Every structure is written in C-alpha cells, then in structure tokens.
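*Asks:* Make a model of this:
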Amino acid sequence: MHVLILGTRGVPSKHSGFETFAQDFGLFLRSRNHEVTVYCQVPQGEAAREDSWNGIRRVLLPAGEGSVGTMQFDWKAIRHSLYEDGVVLTLGYNTGVFNLLYRLRGKPNIMNMDGIEWKREKWSLPARTWFWLNERAGARIANHLVADHPEIARHLSRHTASKKIAMIPYGADPISSAPVSLIQKYNLSSKGYHLLIARPEPENFILEIVRGYSLRQRGFPLVILGNYKPDGTRYQRAVLSAAGPEIIFLGAIFDRDIVQALRFHARAYFHGHRVGGTNPSLVESLAAGNAVIAHDNRFTRWVAGEGARYFRTPEDIDAILDSLNADRAQLLDMEEASRKRFRESFTQDKILRAYEELLLQFAPAPSVVPRAARAAIFSAVPDGQIVASAPQQGTPSKGA
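*Replies:* The predicted structure is shown next:
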C-alpha cells in the first residue's frame with residue numbers, strides 16, 4: 001500500500017512526538033515494502049519540491065512560521081495529497097476541518113487525535129475555540145480515529161461511535177545500554193542525577209517540580225532538557241527563577257543517542273504532564289527502565305502503572321525524594337516495574353504493526369493517476385509547481 005503521512009513538520013525528525021513517530025513508522029513501512037510519502041514543511045520562500053530520504057518520499061512545501069504558517073502548510077499538504085493514490089494518516093486534528101476535502105473526494109483518512117489540545121493553558125481563548133471545533137470536526141470527518149490512550153478513546157466517543165475508534169498507544173524501542181561517555185561530557189555520572197524532559201509549558205508542572213526539588217539539598221542534581229531562556233516566556237523565566245543550585249538546564253537536545261544515554265543513566269525520571277494521552281517521553285523512559293516519579297492523573301497512571309511514585313504538590317515531591325534517598329531498594333523495584341510495564345504494552349514493533357493492520361483495512365487498490373494531475377493543484381499556488389530533487393540519505397536523527 002501507499003501511506004501518505006500528514007500533520008508533522010516532516011522527516012528526519014528534529015522535534016518530538018509526532019515527528020519521531022512519523023519517522024519510525026515511515027521506516028518501518030519501507031522495511032515491509034510499502035510506499036511512504038511524508039509531507040514536510042520548509043521555510044517560506046523556498047521552492048515546493050520532492051526528494052527521497054532513506055526510501056521515504058518527501059514532499060516539501062513552503063509555509064510561514066507560527067500557527068498561521070502551520071494552517072497554510074496543512075492546507076497545501078491536503079490539497080496535494082488529494083491527487084495521490086493511497087491511504088492518508090493524519091497526525092493531529094489541529095486543522096481537522098480541512099479534512100472535509102477527503103470526504104468529498106472519497107479518499108480514506110485515518111486520524112490520530114493526539115491529546116485534548118484545547119485544554120492546554122498556553123493557548124488563548126480564540127485558539128482553544130479553534131482546537132475545540134477541530135476536535136469535533138476531525139472526529140466526525142475522518143474515516144477512522146486513533147486514540148493513544150483509553151481515556152482519549154472515551155473522550156472521543158462523545159463525538160463519534162466507539163467502533164470508529166482504535167486505541168493504539170505510542171511505542172518505543174527498549175534501551176538496554178548506553179555509552180556513559182555521552183553523559184560525562186555534561187559532567188554527569190551514571191545514576192548520579194534525576195532527569196526531566198518536557199516543553200516549558202504550565203500543564204507540564206515543571207515549575208512545581210523545580211520548586212519541590214529546590215526545597216532542600218538532595219545530593220543529586222535535577223537535569224532538565226528544553227528551552228529555558230532568561231529572555232524567554234514568562235513561564236520560562238519563572239522556572240529559572242525558582243531553580244535552586246542543584247537544577248541543571250541543558251537546553252534542547254535532539255540527538256537521540258545523547259537523549260537515550262541521559263535516560264538510561266538517570267537515577268529517576270520526573271514526568272509532570274497533566275493533559276493528553278500516552279506521552280512518548282514517558283514511554284521512552286519506561287523503555288529505558290527508569291524509576292518514574294509522575295504527576296498523579298488518569299493519563300499518567302495508566303501508562304506508568306502502579307510501580308511509579310505519584311505527586312500532586314511540591315511538598316509531595318519533597319517527601320518522595322526523601323523516601324527514595326533513604327532507601328535505594330525502592331528505586332530498583334521501580335526500575336523493574338517500568339521495564340515490566342513497557343514489555344506489556346509499549347514495545348515498538350507491536351505498536352507499528354497495529355498501525356499497519358489498521359491502514360491496510362482502508363487502503364484502496366492502487367490506480368494510475370497522471371503526475372500532471374497530481375501537480376496541477378499547485379498551478380494556482382504562488383510557490384509554483386513541485387520539482388524533483390536529488391535523493392537524500394542519512395542516519396535517522398530523532399527528537400526528544
């Protein structure tokens with residue numbers, strides 16, 4: 001079959017979440033002799049073009065920055081994909097209303113509905129309204145939905161029939177070893193630090209984690225990945241201001257080998273996400289056998305299981321750290337619980353095969369569509385007609 005993947009910034013992954021999934025799934029499909037096209041966003045002013053990366057066909061479309069640019073890119077990608085054979089996999093519902101074009105053309109479209117985006121505190125009221133409307137539009141328009149968590153599936157069943165929803169969480173490859181040299185360059189030692197990986201947003205509870213950690217000396221630093229700048233957002237500045245001397249900010253790191261090493265050698269992993277379904281970063285920490293210290297909510301409890309420790313306040317974090325520092329055996333039990341939970345539900349091969357089986361149910365028989373017809377949609381777009389570029393090869397570089 002031919003799978004067209006939309007809704008990400010493209011491959012190779014330089015971000016997190018959907019980009020990493022698009023890369024992993026695309027490479028998996030190619031290994032099983034399926035055709036794969038991934039739509040990729042490039043800066044405004046560049047030419048629309050096609051090339052190949054590790055056997056994956058890329059359609060690169062120029063668009064502006066920010067949410068308006070994302071909408072522009074999604075619109076172009078949908079219009080182009082209408083003239084392609086195959087089944088569409090849309091990652092995210094943020095422009096779900098645009099997918100009405102697939103319905104009108106009778107083109108199969110499977111949509112991963114992601115988390116409950118309109119509940120995120122970072123968005124303004126108009127943005128939340130837009131996401132609220134598109135969640136409902138996507139749920140009704142798409143041929144089938146993917147929920148990455150049982151609670152997301154229950155949430156979506158308010159908008160459409162349960163039989164139209166497949167529950168497929170995120171997966172990861174197990175991390176059974178990692179070179180210690182990759183963390184030593186940050187002056188870190190194996191099992192000598194705690195780790196937190198998250199975007200600096202209020203719903204990720206980072207400020208509260210930093211406050212709880214900084215209440216007293218721990219004997220181990222808390223290493224935080226992500227963009228935190230003194231001249232950044234108000235939230236970034238608040239996190240930096242609350243940080244005690246044992247908080248280390250490494251910035252955003254997208255080298256997967258380094259991120260995996262940081263996970264594997266961490267004493268414990270902090271996870272503060274409160275909104276959404278199965279968070280990929282949490283799954284990757286289970287895959288690394290991390291002891292998990294997580295915010296107590298219905299999403300995280302299903303993913304991390306009963307072997308994790310849970311908090312709601314900075315004071316809870318303080319108490320958990322004191323308990324773990326006094327009894328190392330608890331950490332070993334938590335590590336084994338994480339590995340067991342990962343093997344039960346989140347192995348990558350199981351997840352990618354579930355997606356493949358779902359898409360095969362909707363994939364149309366291939367037909368011959370003239371290339372001129374596929375490209376004609378761009379004749380009215382200022383960026384011009386798509387042109388072919390030389391293939392690109394390289395080692396996948398995945399976000400974190």
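
*Asks:* hey, which helix or strand in the chain has the poorest pLDDT?
*Replies:* Across the helices and strands of the chain, mean pLDDT, DSSP states H and E gives its lowest value to helix 371-376, namely a mean of 46.

*Asks:* Quick check: which ranges of the stretch 1-150 of the chain have low pLDDT?
*Replies:* Along the stretch 1-150 of the chain, the parts satisfying pLDDT under 70 run over 15-16, 118-119, 121-123.

*Asks:* quick one: the helices in it?
*Replies:* Per DSSP state H, counting those that start in this stretch, the stretch 1-150 of the chain carries helices over the ranges 18-31, 66-81, 100-105, 125-141, 150-156.

*Asks:* Return the list of helices and strands in contact with the last one.
*Replies:* Just to be clear, that refers to helix 150-156. Applying 3 or more C-beta pairs under 8 Å, 6 or more residues apart in numbering; DSSP states H and E, one finds that helix 150-156 contacts strand 144-147, strand 165-167, helix 298-304. Quick note: C-beta positions are derived from backbone N, CA and C, even for glycine.

*Asks:* Could you list the buried residues of whichever helix or strand comes after the second one?
*Replies:* Counting by DSSP states H and E, the element after strand 165-167 in chain order, helix or strand, is helix 181-184. Residues of helix 181-184 classed as buried by neighbour count (16 or more other C-beta atoms under 10 Å): 182, 183.

*Asks:* after helix 181-184 comes which helix or strand?
*Replies:* Downstream of helix 181-184, the next assigned helix or strand under DSSP H and E is strand 194-197.

*Asks:* quick one, what contacts residue 144?
*Replies:* By C-beta atoms under 8 Å, 6 or more residues apart in numbering, residue 144 lies in contact with 110, 111, 164, 165, 166, 358, 361, 362.

*Asks:* The helices of the stretch 1-150 of the chain: which one's closest to residue 179?
*Replies:* In terms of C-beta to C-beta, the element of these nearest to residue 179 is helix 18-31, at 20.9 Å.

*Asks:* Just say which of the helices and strands packed on helix 150-156 is most tucked in.
*Replies:* Mean neighbour count (mean count of other C-beta atoms under 10 Å) peaks for strand 144-147 among the helices and strands packed on helix 150-156, with a mean of 22.

*Asks:* Residue 209: how many residues sit nearby?
*Replies:* By the criterion of other C-beta atoms under 10 Å, residue 209 has 26 neighbours.

*Asks:* Equivalent analysis for residue 216, please.
*Replies:* 12.

*Asks:* burial count for the residue nearest to it when sequence neighbours are not counted?
*Replies:* In this structure, residue 216 finds its nearest non-sequential neighbour in residue 318, 7.0 Å apart by C-beta to C-beta, 6 or more residues apart in numbering. Neighbour count for residue 318, taken as other C-beta under 10 Å: 18.

*Asks:* quick one: average pLDDT of the helix or strand containing residue 318?
*Replies:* Per DSSP H and E: residue 318 is located in helix 314-326. Taken as a whole, helix 314-326 carries a mean pLDDT of 95.

*Asks:* downstream neighbour of that helix in the secondary structure list?
*Replies:* Assignment by DSSP H and E places the next element after helix 314-326 at helix 328-345.

*Asks:* Would you mind listing the buried residues in the next helix or strand after that following helix?
*Replies:* Per DSSP H and E, helix 328-345 leads on to helix 348-362 as the next helix or strand towards the C-terminus. For helix 348-362, burial by neighbour count (16+ other C-beta under 10 Å) applies to 348, 351, 352, 354, 355, 356, 358, 359, 362.

*Asks:* Those residues: which two are farthest apart?
*Replies:* 348 and 362 (22.3 Å).

*Asks:* Domain map for this structure?
*Replies:* The chain breaks down by automatic domain parsing into domains covering 2-171+348-388, 181-345.

*Asks:* Please tell me I have it right and residue 182 contacts residue 257.
*Replies:* Yes. Counting by C-beta atoms under 8 Å, residue 182 touches residue 257, with 6.3 Å between them.

*Asks:* Could you measure from the closest residue to residue 349 other than its chain neighbours over to residue 93?
*Replies:* Of all residues not flanking residue 349 in the chain, residue 171 sits nearest, at 7.6 Å (C-beta to C-beta, 6+ apart). Between residue 171 and residue 93 the distance is 21 Å, computed by C-beta to C-beta, to the nearest Å.

*Asks:* Tell me which of the helices of the stretch 1-150 of the chain sits nearest to residue 12.
*Replies:* Here helix 18-31 is closest among the helices of the stretch 1-150 of the chain (C-beta to C-beta), at 6.0 Å.

*Asks:* who touches the closest one?
*Replies:* By C-beta under 8 Å, 6+ apart, the list of residues contacting helix 18-31 from outside reads 3, 5, 7-13, 35-36, 38, 54-56, 89, 91-92, 112, 114, 170, 280, 348, 352, 355-356, 396, 398-400.

*Asks:* The residues you listed in strands, which ones?
*Replies:* Counted as lying in strands by DSSP state E, out of the contacts of helix 18-31, are 3, 5, 35, 36, 38, 56, 89, 91, 112.
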